[in-house]
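> sequence first, then the predicted structure, then my questions.
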Amino acid sequence: MNASPIPLDQIQWRSQGLVRPECVLALPDGRLLTADWRGGICETRPDGAQHLRIAKRADGLPLRPNGIALAADGSVLMAQLGDSDGGVWRLTVDGLLAPWLMEVDGQPLPPTNFVLPRADGSAWVTVSTRRQPRALGYRRDGGDGFIVHVSAGGVARIVADGLGYTNEVAEHPSGAWLYVNETFARRLSRFRMAPDGTLGPKEVVTTFGVGTFPDGLAFDEEGHAWVVSIVSNRLIRVSPDGAQTVWLEDAEAAHLAAVEAAYEAGTMGREHLDHAAGQVLQNISSIAFAGSDRRTAVLGCLLGDRLATLRLPVAGAAPLHWSTR
């Protein structure tokens with residue numbers, strides 16, 4: 001397919017005034033849902049109108065949604081990325097907020113990254129690191145992230161541990177594999193899935209080089225993974241054999257060099273993620289395939305207040321919520 005990154009002037013934009021839209025979901029009717037740090041989610045309709053669905057926690061702590069997912073009943077599951085607290089919360093269409101998963105193996109969940117429902121009613125949940133503050137996990141030798149399987153009955157257990165800053169997970173269209181981005185180990189890995197949610201041994205699909213820190217993850221209909229890199233604003237297509245094609249990039253060389261130096265020295269911190277060093281992109285972090293043909297990539301981001309979009313020559317695999325909603 002593409003041999004060089006798409007020109008930045010081909011990027012178009014959706015929505016305005018968002019607050020940390022790290023994760024984006026595209027719905028079949030053209031709506032977009034984004035995590036929003038005002039305390040919930042923002043819905044952008046096809047005509048551009050927005051509906052903000054926010055809620056307050058009974059304990060008074062801020063709601064900081066990171067990964068979000070649409071449940072079969074229309075409620076939204078939100079991974080809580082607090083300064084010190086985590087878990088997954090459920091926000092109903094009526095605006096009611098309740099804890100959905102707050103602990104695993106008898107221990108409170110640390111700040112939580114992502115949640116992904118499954119067709120059988122179970123779900124995957126990821127925690128990037130147990131370190132506090134989380135920036136101490138921005139290390140090549142981190143290795144304390146994990147994946148939780150939550151049964152349809154609500155029983156949670158850790159099914160993979162020792163990961164290098166666990167980020168988004170996605171099930172391969174074949175139904176055989178669970179893929180995961182290990183952000184600061186700089187690799188895309190996978191596990192063979194058993195029917196009960198047990199995972200087989202980890203297999204490394206590919207490793208990434210200078211400037212690539214894999215965050216967002218989704219599959220196209222041809223079984224290729226699309227990986228979104230923070231810092232370098234890269235969108236990379238990874239083939240089943242691990243070959244990489246950089247589809248989009250917007251990075252400032254000096255900023256990348258500074259981040260690389262900190263990463264190699266083991267001193268990388270929040271300041272390296274809180275600076276947008278692209279010409280137009282603002283630290284992209286996730287991808288959803290939108291439109292009736294699912295060939296429009298919509299990119300969530302950490303620092304911007306709008307969503308970048310671009311057309312792709314391949315359709316994204318239909319996510320679960322395209323058939324349940």
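In hand now; what should we look at?
> is residue 257 in a helix, a strand, or coil?
Three-state assignment for residue 257 (DSSP: H, G, I helix; E, B strand; the rest coil): helix.
> residues near it, how many?
Around residue 257 there are 12 other residues, counting by other C-beta atoms under 10 Å. To be clear about C-beta, it is placed using only N, CA and C from the backbone, and glycine gets the same treatment.
> against residue 251, how distant is it?
Look at residue 257 and residue 251: by C-beta to C-beta, to the nearest Å, they are 10 Å apart.
> residue 216 too?
Distance of residue 216 to residue 251, given as C-beta to C-beta: 16 Å.
> the two - which one has more neighbours?
When residue 216 and residue 251 are compared for neighbours, residue 216 comes out ahead with 27 against 19, by other C-beta under 10 Å.
> any idea which element the more buried one lies in?
Using DSSP states H and E, residue 216 falls within strand 212-219.
> parallel or antiparallel, list what pairs with that strand.
strand 225-231 (antiparallel) (DSSP bridges).
> who's in contact with the partner strand?
Residues outside strand 225-231 that contact it (C-beta atoms under 8 Å, 6 or more residues apart in numbering): 170, 179, 181, 183, 188, 205, 208, 211-220, 234-238, 247, 251, 255-256, 259, 272-273, 277, 283-287, 297, 299, 302, 316.
> centre of the chain to it, how far?
Remark: strand 225-231 is offset 9 Å from the chain centroid, using C-alpha atoms, centre = their mean, to the nearest Å.
> and the angle from the helix or strand following it to strand 225-231?
Going down the chain from strand 225-231, the next helix or strand is strand 234-238, by DSSP H and E. Strand 234-238 and strand 225-231 are oriented at 150 degrees to each other (axes from the mean of the first three to the mean of the last three C-alpha atoms, to 10 degrees).
> can you tell me which helices and strands strand 234-238 packs against?
Using 3 or more C-beta pairs under 8 Å, 6 or more residues apart in numbering; DSSP states H and E, the elements in contact with strand 234-238 are strand 212-219, strand 225-231, strand 244-248.
> dump these into a markdown table; add distance to residue 102 as well.
Below are those laid out as a markdown table (distance: least, C-beta to C-beta, whole Å):
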| stretch | distance to residue 102 |
| --- | --- |
| strand 212-219 | 24 |
| strand 225-231 | 27 |
| strand 244-248 | 37 |
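> so can I have JSON lines of these showing mean pLDDT and distance to residue 98?
Formatted as JSON lines, the helices and strands packed on strand 234-238 follow (pLDDT from 0 to 100; distance: least, C-beta to C-beta, whole Å):
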{"stretch": "strand 212-219", "mean pLDDT": "98", "distance to residue 98": "27"}
{"stretch": "strand 225-231", "mean pLDDT": "98", "distance to residue 98": "30"}
{"stretch": "strand 244-248", "mean pLDDT": "97", "distance to residue 98": "38"}
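> so which of those strands gets nearest residue 43?
strand 212-219 (19.7 Å; C-beta to C-beta).
> and the host helix or strand of residue 99, C-alpha only, in CSV?
Taking DSSP H and E as the definition, residue 99 sits inside strand 97-101. Output in CSV follows, covering the C-alpha atoms of strand 97-101 (Å, rounded to 0.1, in the frame of the first residue of the first chain):
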residue,chain,number,x,y,z
LEU,A,97,-22.8,6.7,37.5
ALA,A,98,-21.7,3.6,39.3
PRO,A,99,-18.6,1.6,39.9
TRP,A,100,-18.3,-1.4,37.5
LEU,A,101,-15.0,-2.9,38.6
